[in-house]
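Chemist: model the following, please.
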Amino acid sequence: MAAENAKPRYVSCLLRLWQTVDDGKTLWRASLEYPMSGERRGFASVAELCTYLLRETAVEDGENANPEAPFSAG
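Modeler: Numbering: from 1, shown residues only. The predicted model follows:
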């Protein structure tokens with residue numbers, strides 16, 4: 001990967017979590033806001049947020065690329 005296309009090694013963002021009730025079910029929603037750009041991303045669930053974070057932080061060799069097995073015991 002060329003240096004200009006490399007993902008940053010440091011990211012700062014504001015995480016917001018809140019509960020909603022839809023059709024009688026209590027759900028967690030989330031958003032991330034990047035203060036430098038003002039970009040905001042919304043997520044319908046914590047699982048969707050985690051999948052996004054795993055993809056954004058995956059390294060070249062594919063580490064964390066599988067959202068079904070994000071963490072190792074130990």
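Chemist: and the strands in this protein?
Modeler: Listed from the start of the chain, the chain has strands (DSSP state E) covering 14-22, 25-33, 40-43.
Chemist: okay, those in JSON lines with mean neighbour count and mean pLDDT next?
Modeler: C-beta here means a position set from N, CA and C on the backbone, and glycine is covered the same way. Formatted as JSON lines, the strands of the chain follow (neighbours: other C-beta atoms under 10 Å; pLDDT from 0 to 100):
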{"stretch": "strand 14-22", "mean neighbour count": "10", "mean pLDDT": "97"}
{"stretch": "strand 25-33", "mean neighbour count": "14", "mean pLDDT": "97"}
{"stretch": "strand 40-43", "mean neighbour count": "14", "mean pLDDT": "98"}
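Chemist: can you list the ones you listed in TSV and add distance to residue 51?
Modeler: Listed next are those as TSV, based on distance: least, C-beta to C-beta, whole Å:
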stretch	distance to residue 51
strand 14-22	15
strand 25-33	11
strand 40-43	9
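Chemist: looking at those strands, which is nearest to residue 59?
Modeler: Judged by C-beta to C-beta, the one of the strands of the chain that comes nearest to residue 59 is strand 25-33, at 19.9 Å.
Chemist: what comes into contact with the closest one?
Modeler: 13-21, 39-46, 48-49, 52 (C-beta atoms under 8 Å, 6 or more residues apart in numbering).
Chemist: same deal with stretch 9-19?
Modeler: Under C-beta under 8 Å, 6+ apart, the answer for stretch 9-19 is 26-36, 46, 56.
Chemist: tabulate those residues (a markdown table), appending distance to residue 9.
Modeler: Output for the contacts of stretch 9-19, formatted as a markdown table (distance: C-beta to C-beta, whole Å):
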| residue | distance to residue 9 |
| --- | --- |
| 26 | 37 |
| 27 | 33 |
| 28 | 29 |
| 29 | 29 |
| 30 | 23 |
| 31 | 23 |
| 32 | 18 |
| 33 | 20 |
| 34 | 15 |
| 35 | 18 |
| 36 | 15 |
| 46 | 25 |
| 56 | 12 |
